[in-house]
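> coords please:
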Amino acid sequence: RFSIGGRPTRTMAVENGKADPLLNEKKPKIERTWLTVLQEQMPILYWLPRYPMENLKADVAGSLTLGCILIGQSLAHANLCQVKLINGPYSCMLPPIVYAFFGTCVHSSVGTGGLVSLLTGEVLANVGDLDERTHAGAILTALVGIIMALMRSEE
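Predicted structure coming up:
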């Protein structure tokens, strides 16, 4: 028999008459401290103390360059969404900062996108004035975030 992942189960090792040591040995318990649990949830606590300082100058230059590009891009995305323009920089600057604390992939790109902004603007087009659209956009964003979090917890 095979398990869902395609790995042989313990019964297969016994049925075939072979003693597979990897299947039959007990795995040692790994002691998990509060620090290791916290580092699993916030990877920055693991890698920041080990950060090579010789990369700091290049990383700061890259961050400033990206920040300057994101300002114009975020204003355009807020205009596509038909919400107050101040919401654009918040939506483009805050996600990378939050991802730095909780993210696990070094090469990720988080933030807004032109297509998502355009679709959001289409949904919000019939909602009252600018203030009401801005509030409705915030509620729509929160609902999408909650739904995505619930979908993630199902894994």
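
> buried residues in stretch 69-88?
By neighbour count on 16 or more other Cβ atoms under 10 Å, the buried set for stretch 69-88 is 70, 73-75, 77-78, 80-84, 87-88. Glycine gets a C-beta too; all of them are placed from N, C-alpha and C.

> take these and keep only those in strands.
Of these, none are assigned to strands by DSSP state E.

> what is the burial count for Met42?
Burial of Met42 is recorded as 14 neighbouring residues (other Cβ atoms under 10 Å).

> kindly apply the preceding question to Pro95 instead.
Pro95 is flanked by 16 other residues according to other Cβ under 10 Å.

> other SSEs contacting the longest helix belonging to the chain?
The longest helix of the chain (DSSP state H) is helix 56-81. In terms of contacts (3 or more Cβ pairs under 8 Å, 6 or more residues apart in numbering; DSSP states H and E), helix 56-81 is packed against helix 87-102, helix 114-124.

> could you identify which of those helices has the lowest mean pLDDT?
In terms of mean pLDDT, the lowest-scoring of the helices and strands packed on helix 56-81 is helix 87-102 (a mean of 83).

> surely Leu35 is within a strand?
No - when DSSP: H, G, I helix; E, B strand; the rest coil is applied, Leu35 is found to be helix, with no strand at that position.

> who are the contact partners of it?
With contact set as Cβ atoms under 8 Å, 6 or more residues apart in numbering, Leu35 has these partners: Leu45.

> alright, that wraps it up for me.
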